[in-house]
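Novice: how would this look folded up:
(chains A and B)
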Amino acid sequence: MVVKTNKNTLMKQVLIGKIAPPSLSSSDPRGGYVTTWDGRVKLGLGPGGVKYNVKVGDPCLDWPESEYLEPGVSLMGVDEGPSTSPMSASGTSIAFLKLSNVGNLVTIISGDAKGSKGIITGKGGIGATGSHLQAWFSAENLEKMSTGDRAKVISEGVGLTIEEWDGRLFNTSPNLLEALKPILTKGVLELPVSKIIPIHAMGIGVGGSSAETGGWCIQSNPPHLVEEIGLKDLKFGDLVAITDALMSYGKGYYKGAVTVGVITTGGSEVAGQGPSVMAIATSKKGHIKPRVDSDANLAQILKLW
Amino acid sequence: MIKTNKEKLIKMAVMAEVNHPSAGRDYRTDFDGVPRLGIGMSGVKYNVAVGDLTTGWAAEEHTECGLSIQNKDPNESNALGVSGCIGNEVTIVSGDAKGAKGYITGKHGHFMVWFAPEEQEKIVPGDRLRVKAWGVGLKILGFEDKVKVNKIDPILIEKLGIQEKKGKLIVPVVNEYPCYIMGSGYGMWPVTIDYDIQTTCPDVFDEFKLKNIRFGDIVCLRDQLNWYGRGYYKGAVTIGIVIHGWSYHAGHGPGVTTILSTKDDTIQVKLDQNANISKYLGIK
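Specialist: Below you'll find the model as predicted:
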């Protein structure tokens, strides 16, 4: 059965942000190194900025010196105070994050790229990425962008529900949900995913706040875990299902629950860390049936090319 | 008995003060969408001590046993956080309880400290304490490369009943837990933060005897490596101490400060219902 939603009742409104500057992943304000799971050090670049050659659909692991690499253009709210922490987001910046949804239209409204249109593809989770959205723009438009350029997001999707289904949806615009071609059978929602991730592979982000802000990471180390769960070919924008994971009102282990989310950031070599999963759907009672499909990636689903 | 490099370790005074309970202006939402008022973090608790059960208190949330201490200067707080170890001696240096001695029993955001009940009656938030910080760099001789030691006082580690047998360390623990039950604090730095045994899913309360967990229990975490960070490693064994109480927020529960970790079977465990630091410190 094709799903019925409440999409005609959803508020549609404008949010203002800007292109986020690049920042390093280390929490040391003096720019210290990141320590890897096996005691090496690395720089940890990847959060923020405009990436010319890293986009949704590309592999998300093994970029040199990277930690939490974000594809495309990183956006953040505009009410940042004088705080020196790149992780701070308050007031309207939180609203910019919480109310944005994957599939929402974003338009650059200042600078050389004024008028460029793109699509929101995800939200970060750990460190500086926790205050970022990611957006896809065409390669031609990327060339004209500078960090600090203003962007407007047309927010639509908060409160989206599916009739006769007892799970919860997050971060999902009505057009993304439609493009996923979900099928509801006897109260169970079938969604396409590229991989099914077991709960023991999940790391930092557990215990974190609402699914609308902050992700839950798949651990991309040690190498034997990457091998075991077949993570090597994971891509930015992949849809994944996590078994025994509940993200209704926070993030935690819950036997029998299923969560489906989008891979929004790159891998990590820090113990217990890795690509961030932004939830789009969760069911405490396991009323999600993941259908494995190697094309279950936002680049394909939203035709980002 | 194990031998350590304790005589090589710097022992120093680090200052702290007893803190005050704090609260938000609204309810917080539990894992199932229920609004809750949670108390138990910070301050001086007269009737919750190390050795007690970590659940069963009304409106409990991350209950810290005994009293909680911190240093409000950010740099001094970092030094306290890194150098303080479970089992370190603390002395009250101001107020009516001046001169009273107790022990650190855990490291959450704050440190938790035990004092004898008659001393605790005299202690108020704001009283200053001196921590005799000792334990950073601790190693077990003969196991320097295989076992990493963290956040434990050099005298307390000798009292945990650890036996050395044919190249293995046998550690008495109350219970053991699989990696996937570990929650908030995962992926973070073992030196300054605990991580939680999740009490989110009621279906597994009995399976893992979660309602029996006590403050101060020594526990074993399977497939968990706490060396340069904290994460999954197949076959790894981590030993920790339970330091705070239950939670109703998704992914949270009794916190564990990790004290020993190995990549292989160098650490083996022996189940012992009395493996609790309240016994080892001579408190109960």
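Novice: what lines up beside the strand ranked longest in chain A in the sheet?
Specialist: Longest among the strand segments of chain A by residue count, using DSSP state E, is strand A:252-263. Take DSSP bridges as the rule and strand A:252-263 pairs in its sheet with strand A:239-246 (antiparallel), strand A:276-283 (antiparallel).
Novice: B:Ala236 is nearest to which of the ones you listed?
Specialist: strand A:239-246 (20.8 Å; Cβ to Cβ). (C-beta placed from N, C-alpha, C; glycine too.)
Novice: Scan the helices and strands of chain A for the one with the lowest mean pLDDT.
Specialist: helix A:92-99 (a mean of 90; mean pLDDT, DSSP states H and E).
Novice: Remind me what it packs against, helices and strands.
Specialist: strand A:12-19, strand A:73-77 (3 or more Cβ pairs under 8 Å, 6 or more residues apart in numbering or on different chains; DSSP states H and E).
Novice: now these in TSV, with mean pLDDT?
Specialist: Below are those laid out as TSV (pLDDT from 0 to 100):
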stretch	mean pLDDT
strand A:12-19	96
strand A:73-77	96
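Novice: Mind putting those strands into TSV with distance to chain B and mean neighbour count?
Specialist: As requested, the helices and strands packed on helix A:92-99 are exported to TSV (distance: least, Cβ to the nearest Cβ, whole Å; neighbours: other Cβ atoms under 10 Å in any protein chain shown):
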stretch	distance to chain B	mean neighbour count
strand A:12-19	24	18
strand A:73-77	21	28
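Novice: would you turn the ones you listed into a markdown table with distance to A:Gly167?
Specialist: Shown next, in a markdown table, are the helices and strands packed on helix A:92-99 (distance: least, Cβ to Cβ, whole Å):
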| stretch | distance to A:Gly167 |
| --- | --- |
| strand A:12-19 | 24 |
| strand A:73-77 | 28 |
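Novice: Quick check: the spatially closest residue to B:Met1 that is not a sequence neighbour vs chain A, distance?
Specialist: In space, and not counting its chain neighbours, B:Met1 is closest to B:Glu158: 6.2 Å by Cβ to Cβ, 6 or more residues apart in numbering or on different chains. For B:Glu158, the distance to chain A equals 27 Å [Cβ to the nearest Cβ, to the nearest Å].
Novice: Remind me which helix or strand B:Ser13 belongs to.
Specialist: Heads up, residue B:13 is Ala, not Ser. If you go by DSSP states H and E, B:Ala13 is part of strand B:11-18.
Novice: Packing partners of that strand?
Specialist: Under the contact criterion of 3+ Cβ pairs under 8 Å, 6+ apart, strand B:11-18 touches strand B:67-70, helix B:74-83, strand B:128-134.
Novice: Tell me if I'm right that B:Glu89 and B:Tyr103 touch.
Specialist: Yes. Using Cβ atoms under 8 Å, B:Glu89 is in contact with B:Tyr103, at 6.3 Å.
Novice: Mind checking which of the two has more residues around it?
Specialist: Here B:Glu89 and B:Tyr103 are compared on neighbour count by other Cβ atoms under 10 Å in any protein chain shown; more neighbours surround B:Tyr103, at 22 against 16.
Novice: which secondary structure elements does the strand or helix carrying that one contact?
Specialist: Here B:Tyr103 sits within strand B:101-107, counting by DSSP H and E. With contacts taken as 3+ Cβ pairs under 8 Å, 6+ apart, strand B:101-107 sits against strand B:89-92, strand B:111-114, strand B:255-262.
Novice: again, only using 7 Å
Specialist: When contacts are defined as 3 or more Cβ pairs under 7 Å, 6 or more residues apart in numbering or on different chains; DSSP states H and E, strand B:101-107 packs onto strand B:89-92, strand B:111-114.
Novice: Report the contact partners of residue 238.
Specialist: Picked chain A for this. For A:Asp238, the contacting residues are A:Ser194, A:Lys195, A:Ile263, A:Ala296, A:Asn297, by Cβ atoms under 7 Å, 6 or more residues apart in numbering or on different chains.
Novice: try chain B instead
Specialist: B:Leu221, B:Gln224, B:Leu225, B:Asn226, B:Thr258, B:Leu260, B:Ser261.
Novice: what does A:Arg291 give?
Specialist: A:Glu190, A:Leu191, A:Pro192, A:Val193.
Novice: do the same with B:Arg25
Specialist: Taking Cβ under 7 Å, 6+ apart, one finds nothing in contact with B:Arg25.
Novice: how does the chain divide into domains?
Specialist: The chain I'm using is chain A. Per the record, chain A has its domains at A:10-156, A:168-301, by automatic domain parsing.
Novice: if you could check chain B rather than the one you did, that'd help
Specialist: B:9-134, B:148-280.
Novice: Describe which strands the strand ranked longest in chain B pairs with in its sheet and in which direction.
Specialist: Assignment by DSSP E gives strand B:231-242 as the longest strand of chain B. Sheet pairing for strand B:231-242, assigned by DSSP bridges, gives strand B:218-225 (antiparallel), strand B:255-262 (antiparallel).
Novice: Any idea which of the ones you listed gets closest to B:Val136?
Specialist: With Cβ to Cβ as the measure, strand B:255-262 is the member of the strands paired with strand B:231-242 nearest B:Val136 (12.8 Å).
Novice: Could you report the neighbour count for B:Val82?
Specialist: 16.
Novice: ok, now the one 5 residues further on?
Specialist: When counting by other Cβ under 10 Å, one arrives at 25 neighbours for B:Gly87.
Novice: list the contacts for it?
Specialist: B:Tyr103, B:Ile104, B:Ile152, B:Asp153, B:Ile155, B:Leu156, B:Leu281.
Novice: Looking at those, which one is closest to B:Trp114?
Specialist: Looking across the contacts of B:Gly87 and measuring by Cβ to Cβ, the closest to B:Trp114 is B:Tyr103, at 5.3 Å.
Novice: correct me, but the closest one touches B:Trp114?
Specialist: Yes. If you go by Cβ atoms under 7 Å, B:Tyr103 and B:Trp114 touch, sitting 5.3 Å apart.
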